[in-house]
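> give me a 3D structure for the following:
(2 chains)
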Amino acid sequence: MFAFIARRLAVAVPTLLILVILSFILMYTAPGGPFNSERPLPPEVLANINAKYGLDQPFWKQIATYVWGVTTQFDFGPSFQFTNRSVNDIIAQGFPVTLTYGAYSFLVAVLVGVSLGVAAAIKQNTWLDYLAVGITVGAQVLPNFVLGPILIIIFTLWLGWLPGGGWNGGQWEYVVLPVIALSTSYMASIARITRSSMLETLNTNFIRTARAKGLSTGRVIWKHALKPTMLPVLSYLGPAFVGMITGSVVVDIIFSTGGIGRFFVNSAFNRDYSVIMGITILVGALTIFFNLLVDVLYAWIDPKIRY
Amino acid sequence: MTLTRKLMASTATALILTAGTAYAQSETATHPETGEALAATQAFTYRVLDESPSIDPGLVEDVDGSEIVRDLFEGLMNQDALGQLVPGVATGYEVSDDNLVYTFTLRDDARWSNGDPVTAADFEYAWKRAADPATASPYQWYMELMSLENGSDVVSGDTDPSELGVTAVDDTTLEVRLSEPLPYFPQMVTHATTFPVHQATIEEFGDDWTRPENMVSNGAYVLTEWVSQERLVRSRNDQYWDNDNTIIDTVTRLVIPDENVALTRYLAGELDMTDVPAGQFPRLSEEYPDQAVSVPEACSYYFMFNLRDDAPEAFQNADVRQALSLAINRDVIVENVLAGGQEPAYTFTHWATAGFETPDIPMAGMTQDERNAMAQELLGNAGYGPDGEPLTVNLVYNTSEAHAAVAVAVSQMWKQTLGVETSLSNQEWQTFLEARSNGDFEVARGGWCADYNEASTFLDLMQSGSGYNDSKFVNEEVDELLSEAKTAENPQANYDRVEEIIAEETPIIPIYHYASVFMLNDDLKGWPYENFEQNWYSRELYVTADE
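Model prediction:
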């Protein structure tokens, strides 16, 4: 197991490096630059600005300087767009926001999704099953850019219970609507995967044996069926978790949370090179880490899996 | 000002805003001048589309950022509700007989938020800093535009910034020397780029000086909170010389990217001001007649032809260009497509620009049927259209629903009236800018907003040497007229002639003049509706109590 983890970590480093270089190349091939505007800057001014940010250097040198700064000092450089902010600042401000509503969304999605899925499978072809499937299909086809504004109309405009956006340091009333909007479709996917996986498990021989031994239904479900059921769910949860905590652009835009997703998209539009790179590396590293974590959990849940 | 970030902003919610009530004048129940009853909570919350890149006066480049800077800092002169000059840090100025030297007298009670006096040296430092290539300000060119002595050379880096034509004679006297007389120079010092900055603070904190914990400012408000992409809060500056007459305690700017969500939150009472989403003005002005506002906004919307030698031959022919211009029914675009109080444009200069009388352009006086007939004739004579060579046009615009709607309407008009086929292409902003400046287009959308309230802010784009002349229109007469206008006592005749040439030569097709369309809480008073540049100052606003 330790050898496996060490091997995976060793592969992660070149993977990240390739990610950095590819992103860098893609970024530079996109037309425009961080300092283009409708009113083009005089050449002298543009030259000054480019020199300030090292953009006058040859491409290989820029990339080398960048990688060096990131690896040795954990310095992602200054933002090209926001003069008084470094990329580290932006991540330090935006990531905790996203992490907060993302983690809550994950909890809600998993708890509600797994419960719904299990309930639907146990009571297959009853009203409960139909209701659960109805809810999950509904939740999955309702995109969050539609759901978000609807939530604001209901809870802010009509009922006046919750603020329609903002973050305000993460007070609970500001977190509720983003969590509902973000978790709904993940919850639906989790419920559907859980349901079909549970149905499959319940038809296996070892469950029939457990039942034949006279175990109670509760014990059969919790002790024997749930663990194998979770395997396909788990492989979905790894990427889903990264997706949630690295931000939903839609949630950031609709609820103005100031999260990392909004910075990411804006940096791409504004060609804010260093911000694009910083967030790409963050998302890349998290993805690699959580995929590894899922693999480790796999082995723990299913003793048959050996690395 | 660039258009992408353009956004009028908006207002306040008692729900979120409790700060600032600490020094609210609870006993001041009525407005000192109008006698209106004032609300207990004096807060203003408004919405913007996006975060401002900077709120450093020397670096600020967008409309939203300038709104913040005007609250946090105060320049030599301010604008009143009509856009007229009123004293700011300067109590007034004198001009030399040759109109080249301006001497500003500063008030002696102006203070920085840390208690330091605001002196002429602060202005001298700020101006030289903004012009210094080392500052790398995106608005460095503004210092050149002001025609300061040695301005161009300092901006290009050929002369040391210390040579710039601005000198603090003593603490309360600022001398400004120009390289050529500029009739509208005093108007230019209401612009954020000319505001003073606190040298000691900048030297201590570098780029970080604009953070709330570091910033020292001299305006009616100080920065108290700034969460990027979310909120920016400013509250009263008790060191401000006119603090006694300030009524609003707290101003909050919220970034809300989705304009429909912003409208919902406005209607829920979370905001005092927000933009009206495109096309919704007729409905909103009917449902909320006291809140939906449309006022002229200092920008013009136009299409430009590519006149470079390698561009399609058809567009080298002025008759073809004019035919395409004539065939566009501006009234339909303004009334049916946009429906927000915009005005049809036949001149490039916005009709409401100060001191500008819209000249009689022949096209403006014709009916659309007459224009269409003339367009068909011009195009036919040029050998194109139904009886000649088929003409196709590629029209490119930056991605936006509103631009797409205008482009589709225009392409239909060209097709129906002239039989011209139009292919539409939208491009993401950065790609669009690059294509336009490289001449990689046939016809492209353009939008231009005034940097100061005078016609040359628009017409200077038509100069052959202008860096913003993406058409690459070259006309010697225009160049002469415009350079002459710079120093003319009354440049109106020159502007008339330039607009006539634009109408005849049609390097660009003016389509409409913008209107700013927004919702404003009807309890919030003091809004400068008639200030053409929509330069508002929070200290002029107040919230009346509900009756």
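> list the contacts for whatever residue of the stretch 351-500 of chain B ends up closest to chain A?
Residue of the stretch 351-500 of chain B nearest chain A, by Cβ to the nearest Cβ: residue B:430 (2.8 Å). All C-beta atoms are positioned from the backbone trio N, CA, C, and that covers glycine. Going by Cβ atoms under 8 Å, 6 or more residues apart in numbering or on different chains, residue B:430 touches A:30-33, A:36, A:269-271.
> tell me the mean pLDDT for whichever helix or strand residue A:68 is part of?
Assigned by DSSP states H and E, residue A:68 belongs to helix A:59-73. When pLDDT is averaged along helix A:59-73, the result is 86.
> ok, and what's touching that helix?
Residues outside helix A:59-73 that contact it (Cβ under 8 Å, 6+ apart): A:17, A:20-21, A:24, A:28, A:54-55, A:57, A:75-77, A:274, A:277, A:281.
> close to chain A, is stretch B:508-518?
No: on the criterion Cβ under 8 Å from any Cβ of the partner chain, stretch B:508-518 is out of touch with chain A, staying 14.5 Å away.
> can you name the residue of the stretch 201-350 of chain B nearest chain A?
When scored by Cβ to the nearest Cβ, the stretch 201-350 of chain B has residue B:230 as its residue closest to chain A, at 3.3 Å.
> can you pull the contacts of that residue?
With contacts defined as Cβ under 8 Å, 6+ apart, the neighbours of residue B:230 are A:166-167, A:256-258, B:254-255.
> which one (most neighbours) among those?
Within the contacts of residue B:230, neighbour counts (other Cβ atoms under 10 Å in any protein chain shown) peak at residue A:257, which reaches 29 neighbours.
> that one is in contact with residue A:167, isn't it?
Yes: between residue A:257 and residue A:167 there is a contact at 4.8 Å, judged by Cβ atoms under 8 Å.
> what sits in contact with each of these two?
Going by Cβ under 8 Å, 6+ apart, residues that sit against residue A:257 and also against residue A:167 are A:97, A:174, B:230.
> burial count for the closest residue to residue B:462 other than its chain neighbours?
Excluding its sequence neighbours, the residue lying closest to residue B:462 (Cβ to Cβ, 6 or more residues apart in numbering or on different chains) is residue B:478, at 5.3 Å. By the criterion of other Cβ under 10 Å, residue B:478 has 21 neighbours.
> any buried residues in whichever strand or helix holds residue B:478, and which?
Here residue B:478 sits within helix B:476-485, counting by DSSP H and E. Using 16 or more other Cβ atoms under 10 Å in any protein chain shown as the test for burial, helix B:476-485 gives B:478-479, B:481-482, B:485.
> for these, give me JSON lines that also has pLDDT.
Formatted as JSON lines, the buried residues of helix B:476-485 follow (pLDDT from 0 to 100):
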{"residue": "B:478", "pLDDT": "95"}
{"residue": "B:479", "pLDDT": "95"}
{"residue": "B:481", "pLDDT": "95"}
{"residue": "B:482", "pLDDT": "93"}
{"residue": "B:485", "pLDDT": "89"}
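> got the phi/psi numbers for residue B:310?
phi -90, psi 0 (degrees, to the nearest 10).
> what's it in contact with, if anything?
Counting by Cβ under 8 Å, 6+ apart, residue B:310 touches residue B:439.
> then residue B:425?
B:394-397.
> rerun that using 6 Å as the cut-off
Neighbour list for residue B:425: residue B:396 [criterion: Cβ atoms under 6 Å, 6 or more residues apart in numbering or on different chains].
> quick one, phi psi at it?
Torsion angles, degrees, to the nearest 10, at residue B:425: phi -140, psi 130.
> on the three-state scheme, residue B:92 is what?
Under DSSP: H, G, I helix; E, B strand; the rest coil, the three-state class of residue B:92 is strand.
> what's the closest of the contacts of residue B:230 to residue B:464?
residue B:255 (39.9 Å; Cβ to Cβ).
> what separation do you get for that closest one and residue B:230?
6 Å (Cβ to Cβ, to the nearest Å).
> over to residue A:187?
26 Å.
> next SSE after the helix holding residue A:68?
From helix A:59-73, the next helix or strand downstream (DSSP H and E) is helix A:87-122.
> of the contacts of residue B:430 - the most surrounded one?
Most surrounded of those: other Cβ under 10 Å gives residue A:270, at 25 neighbours.
> what's around the closest residue to it other than its chain neighbours, how many residues?
Leaving aside its sequence neighbours, residue A:270 sits nearest to residue A:81 (Cβ to Cβ, 6+ apart; 5.0 Å). Using other Cβ under 10 Å, residue A:81 has 23 other residues around it.
> in stretch B:223-240, which residues are buried?
B:223-224, B:226-237, B:239-240.
> just how off-centre is it within its chain?
In terms of Cα atoms, centre = their mean, to the nearest Å, the centre of stretch B:223-240 is found 23 Å from the chain centre.
> again, but for stretch B:452-465
Computed by Cα atoms, centre = their mean, the chain-centroid distance of stretch B:452-465 equals 14 Å.
> repeat for stretch A:206-225
36 Å.
> same thing with stretch B:299-313?
The chain centre lies 23 Å from the centre of stretch B:299-313; the measure is Cα atoms, centre = their mean.
> gap between the two ends of that stretch?
Counting by Cα to Cα, to the nearest Å, you get 30 Å between the two ends of stretch B:299-313.
> buried residues of it, list them for me.
Buried-residue list, stretch B:299-313, by 16+ other Cβ under 10 Å: B:299-307, B:311.
> likewise stretch A:128-144?
Within stretch A:128-144, the residues scored as buried using 16+ other Cβ under 10 Å are A:129, A:132-133, A:135-136, A:139-140, A:144.
> about what we covered before: rebuild the shared contacts of residue A:257 and residue A:167 as TSV, extending it with pLDDT.
Listed next are the shared contacts of residue A:257 and residue A:167 as TSV, based on pLDDT from 0 to 100:
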residue	pLDDT
A:97	93
A:174	94
B:230	92
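> including distance to residue B:270, could those go into a markdown table?
Shown next, in a markdown table, are the shared contacts of residue A:257 and residue A:167 (distance: Cβ to Cβ, whole Å):
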| residue | distance to residue B:270 |
| --- | --- |
| A:97 | 19 |
| A:174 | 12 |
| B:230 | 14 |
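> how many neighbouring residues does residue A:52 have?
Using other Cβ under 10 Å: residue A:52 sits among 15 other residues.
> now do the same contact list for the closest residue to it other than its chain neighbours.
In space, residue A:52 comes closest to residue B:136 once its chain neighbours are excluded; the distance is 5.3 Å by Cβ to Cβ, 6+ apart. Residues near residue B:136 by Cβ under 6 Å, 6+ apart: A:48-49, A:52.
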